[in-house]
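Participant: Quick one: sequence plus predicted model below, questions after.
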Amino acid sequence: MTTEHFVTARFATGHPYDAFIGPGMIARVADHLGDATRVALMFPAALADAAGRAGRELEQAGARVTKIELPDGEQAKTPAVLAECWGRLADAGLTRTDLVVGVGGGATTDLAGFVAATWLRGIRWISVPTTVLAMVDAGIGGKTGADLPQGKNLIGAFWEPQVVLEDTSLLGSLPLKQLRSGLAEVIKHGFIADATTLELVGQAPSECLDVSSPRLAELIARSVQVKAAVVSRDLRESTSVGDQVGREQLNYGHTLGHAIEAAEQFTRPHGECVALGMVFAAELAQRTVGLDPAVVQRHRELLDAVGLPTSYHGAQWDQLHELMLRDKKTRGSVLRFVCLRAQGRPTMVVDPPAEALTASWQALTQSV
């Protein structure tokens with residue numbers, strides 16, 4: 001077992017759990033086996049080696065491991081893949097005392113958690129996120145789910161992991177595009193809650209793109225701690241009102257972002273879509289709640305500094321507007337956006353005027 005330095009973040013929810021962040025964490029997976037005798041180990045093909053290490057640890061601890069290789073990315077989060085996974089668990093004879101382990105990016109941990117939530121009405125699972133995006137957002141917090149052609153994460157459950165193991169040594173093979181995608185969520189956490197994160201990004205954006213950088217490691221830890229604090233206060237995302245914003249603040253940039261993902265058939269990285277959604281939300285906040293234009297410009301500057309898009313030239317507004325109305329964050333037929341009154345002061349903008357939406361869209365689609 002590794003003795004290297006690691007950071008812990010506590011999710012103090014109804015079923016408390018810890019996220020351990022540091023190199024070598026995957027070697028600790030068997031420490032959390034408990035009384036499980038069978039384990040379903042879910043992973044994409046690209047992470048077969050890392051999953052193999054986890055599997056060996058579990059087998060050495062006496063567990064029978066069923067390896068389930070998943071399609072890449074959002075292609076794993078389909079009803080057909082879900083049904084196949086349930087069949088594999090049935091064939092392996094997993095019982096209520098057994099365990100699911102998800103090793104991979106956010107799509108893998110989303111699916112693994114949902115399989116665990118729905119097998120025998122809920123069994124334990126361990127999240128082993130392997131991308132920056134999964135480490136700071138998708139692989140933590142207890143949201144699990146799958147997609148439909150009509151939209152992302154329309155089926156799902158709140159189902160907390162037993163533990164989160166974030167092995168930062170696995171980031172070495174992460175493509176630059178995926179690293180940037182994760183940084184969008186890091187920057188999101190900075191704007192809603194942590195000014196120091198924004199300073200760290202702005203001071204040395206090139207270091208944020210270096211997986212061996214202490215700056216990136218600090219950003220990951222700070223983001224996990226932001227999310228842990230928010231989720232601990234509001235696990236199931238109670239409806240926010242005005243400036244009383246709970247877990248919904250983590251959806252900053254996601255209302256338009258998810259619509260862009262769906263419109264582009266999930267071919268564009270999640271973080272790029274969230275970056276565009278944040279720029280749109282900042283423009284909307286300037287027009288509806290008086291966000292300082294300097295903060296709007298800071299969105300563009302920080303996102304651009306790490307190579308994320310800040311203007312959009314893809315799907316048409318009418319299509320995206322319709323997709324936003326289907327989003328799981330919508331209440332009834334009214335659009336709701338997480339916006340900012342200022343950095344660190346999220347607020348809800350409900351049913352914004354059409355002219356504000358149109359002007360914000362025009363600002364997003366201008367070349368910068």
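Facilitator: Yes, it's here. Numbers count the residues shown, from 1 in each chain.

Participant: From now on I want contacts and neighbour counts done on CA atoms only, so please keep to that.
Facilitator: Fine.

Participant: So P16 versus A36, what's the distance?
Facilitator: Going from P16 to A36 by CA to CA, to the nearest Å gives 19 Å.

Participant: between those two, which one's more packed in?
Facilitator: A36 (18 against 13; other CA atoms under 10 Å).

Participant: quick one, what contacts the residue nearest to that one when sequence neighbours are not counted?
Facilitator: Among residues not flanking A36 along the chain, D98 sits closest, at 4.2 Å (CA to CA, 6 or more residues apart in numbering). D98 makes contact with 35-39, 123-124 under the criterion CA atoms under 8 Å, 6 or more residues apart in numbering.

Participant: tell me which of the residues you listed is nearest to K67?
Facilitator: Of all the contacts of D98, V39 has the smallest distance to K67: 8.4 Å, by CA to CA.

Participant: what about the strands in the chain?
Facilitator: Using DSSP state E, the strands found in the chain span residues 7-11, 17-22, 38-44, 64-70, 99-104, 124-129, 143-148, 151-158, 163-167, 336-342, 345-350.

Participant: re earlier: would you tell me which one of the contacts of D98 comes nearest to G55?
Facilitator: Among these, and counting by CA to CA, the member closest to G55 is V39, at 8.8 Å.

Participant: Check that closest one and give its pLDDT.
Facilitator: Here the pLDDT value assigned to V39 is 98.

Participant: surely it meets A63?
Facilitator: Yes - assessed by CA atoms under 8 Å, V39 is found in contact with A63 at 6.6 Å.

Participant: For those two, work out which one has more neighbours and name it.
Facilitator: The residue with more neighbours, out of V39 and A63, is V39; 27 against 20, by other CA under 10 Å.

Participant: Okay, and the beta partners of the more buried one?
Facilitator: V65, L99 (DSSP bridges).

Participant: Low-confidence ranges, the stretch 201-350 of the chain, go.
Facilitator: Low-confidence segments of the stretch 201-350 of the chain (pLDDT under 70): 328-332.

Participant: now the helices: where do they sit in it?
Facilitator: 205-208, 214-233, 254-263, 270-288, 293-305, 317-326 (DSSP state H, counting those that start in this stretch).

Participant: can you pull the buried residues of the first one?
Facilitator: Taking 16 or more other CA atoms under 10 Å as the neighbour-count basis, helix 205-208 is seen to contain the buried residues 205, 207-208.

Participant: I'd like the residues you listed written out as JSON lines, with distance to N251 added.
Facilitator: Listed next are the buried residues of helix 205-208 as JSON lines, based on distance: CA to CA, whole Å:
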{"residue": "P205", "distance to N251": "24"}
{"residue": "E207", "distance to N251": "26"}
{"residue": "C208", "distance to N251": "22"}
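
Participant: Between those residues, which sits nearest R233?
Facilitator: C208 (29.0 Å).

Participant: of the buried residues of helix 205-208, closest to L148?
Facilitator: Nearest to L148 out of the buried residues of helix 205-208 is C208 (CA to CA; 33.5 Å).

Participant: For the closest one, which residues are in contact?
Facilitator: Contacts of C208 by CA under 8 Å, 6+ apart are 183, 201, 215-216, 306.

Participant: switch to 6 Å and redo it
Facilitator: L216 (CA atoms under 6 Å, 6 or more residues apart in numbering).

Participant: residues near V231, how many?
Facilitator: The burial count for V231: 22, using other CA under 10 Å.

Participant: wait, Q203
Facilitator: The local packing of Q203 (other CA under 10 Å) involves 11 other residues.

Participant: Next: R180.
Facilitator: 22.

Participant: What separation do you get for it and D292?
Facilitator: 26 Å.

Participant: now do A259
Facilitator: Distance from A259 to D292, by CA to CA: 26 Å.

Participant: now V163: how far from D31?
Facilitator: For V163, the distance to D31 - CA to CA - is 10 Å.

Participant: These two - which one has more neighbours?
Facilitator: Per other CA under 10 Å, whichever of V163 and D31 has more neighbours is V163, with 21 against 11.

Participant: Please list all residues in contact with that one.
Facilitator: V163 neighbours (CA under 6 Å, 6+ apart): 17-18, 126.

Participant: got JSON lines for those residues, with distance to T239 and neighbour count too?
Facilitator: Output for the contacts of V163, formatted as JSON lines (distance: CA to CA, whole Å; neighbours: other CA atoms under 10 Å):
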{"residue": "Y17", "distance to T239": "24", "neighbour count": "18"}
{"residue": "D18", "distance to T239": "26", "neighbour count": "17"}
{"residue": "I126", "distance to T239": "28", "neighbour count": "25"}
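
Participant: need those in JSON lines with pLDDT, can you?
Facilitator: Putting those into JSON lines (pLDDT from 0 to 100) gives the following:
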{"residue": "Y17", "pLDDT": "93"}
{"residue": "D18", "pLDDT": "93"}
{"residue": "I126", "pLDDT": "98"}
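
Participant: out of those, who's nearest R233?
Facilitator: The closest of the contacts of V163, once distances to R233 are taken by CA to CA, is Y17, at 13.9 Å.

Participant: Nearest residue to the middle of the protein?
Facilitator: In the chain, the residue lying closest to the centroid (CA atoms, centre = their mean) is A138, at 2.4 Å.

Participant: farthest residue from the center of this structure?
Facilitator: G62 (32.1 Å).

Participant: Looking at it now. What's its pLDDT?
Facilitator: If you check G62, the pLDDT there is 97.

Participant: Excluding chain neighbours, what is closest to it?
Facilitator: According to CA to CA, 6+ apart, the nearest residue to G62 is T37 (7.0 Å).
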